[in-house]
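**Student:** Predicted model, plus sequence, below.
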Amino acid sequence: MGALAPVVFKVADGITAIDTFMGGRARYTAGYLLDAAEPTLVETGPGTSVESVTAALDHLGIAPDELAHIALTHIHLDHAGGVGSLSRRFPRAAIWVHERGVPHLAEPTRLVASTARVWGEREMQELFGPVEPVPEDRLHPLEDGDVIELGDR
């Protein structure tokens, strides 16, 4: 699959949507860049989205050492499957996820296996792609009601 031109658009004041091109499909899933003193990506999309999300962040002027946070609403692969790869490309970003998701991102074997059971191996690879673990020291667990400070937001 060739690289697709970044597709980004403002959805609210200080929030820019990033088309993740899940499985090469436009307008299927999205991540969101929060404009703040500590720039934050909400959702990564799946492993098939890593190149698209990286290109979009570059297009938006976010260098690899400038992304401060990656926040995940939940660990399904369409929302979080690319977080391991993106954590390596953006080495300063803290990875925020609900406390119950932490072990699955540190060791995604069971998460990948359950996704393959639901979607089938071929479809899973096509849509979600590779899933890399996130180094445990990068993971920050959240409990219900927690707030992530973004500097000025």
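**Tutor:** Received, thanks.

**Student:** From now on I want contacts and neighbour counts done on CA atoms only, so please keep to that.
**Tutor:** Fine.

**Student:** my guess is residue 83 contacts residue 44, does it?
**Tutor:** Yes - the pair residue 83 / residue 44 is scored as a contact, 5.8 Å apart, by Cα atoms under 8 Å.

**Student:** Mutual contacts of the two, please.
**Tutor:** Shared between the contact lists of residue 83 and residue 44 (criterion: Cα atoms under 8 Å, 6 or more residues apart in numbering) are residues residue 70.

**Student:** since we're on residue 11, how many residues are nearby?
**Tutor:** 11 (other Cα atoms under 10 Å).

**Student:** Three-state assignment for it, please.
**Tutor:** Here residue 11 is recorded as strand under DSSP: H, G, I helix; E, B strand; the rest coil.

**Student:** if I look at it, how far off is residue 44?
**Tutor:** Between residue 11 and residue 44 the computed distance is 17 Å (Cα to Cα, to the nearest Å).

**Student:** now swap in residue 133 and tell me
**Tutor:** As defined by Cα to Cα, residue 133 lies at a distance of 14 Å from residue 44.

**Student:** Helices of this protein, start to end?
**Tutor:** Under the criterion DSSP state H, the chain contains helices at 50-59, 77-80, 83-89, 102-106, 109-119, 121-128.

**Student:** Quick one: residues in contact with the second one.
**Tutor:** Where contact means Cα under 8 Å, 6+ apart, the residues beyond helix 77-80 that reach it are 22, 29, 31, 43-47, 72-74, 115, 128.

**Student:** quick one: buried residues of that helix?
**Tutor:** With burial defined by 16 or more other Cα atoms under 10 Å, the residues of helix 77-80 counted as buried are 77, 78, 79, 80.

**Student:** can you check the third one too?
**Tutor:** Applying a neighbour-count criterion of 16+ other Cα under 10 Å, the buried positions in helix 83-89 are 83, 84, 85, 86, 87, 89.

**Student:** low pLDDT regions in this protein?
**Tutor:** In the predicted model, the chain carries pLDDT under 70 at residues 1-3.

**Student:** Grab the most central residue of it for me.
**Tutor:** The chain has residue 44 as the residue nearest its centroid, 1.6 Å off, counting by Cα atoms, centre = their mean.

**Student:** so that residue touches residue 84, yeah?
**Tutor:** No - with contact taken as Cα under 8 Å, residue 44 and residue 84 are classed as non-touching, separated by 9.5 Å.
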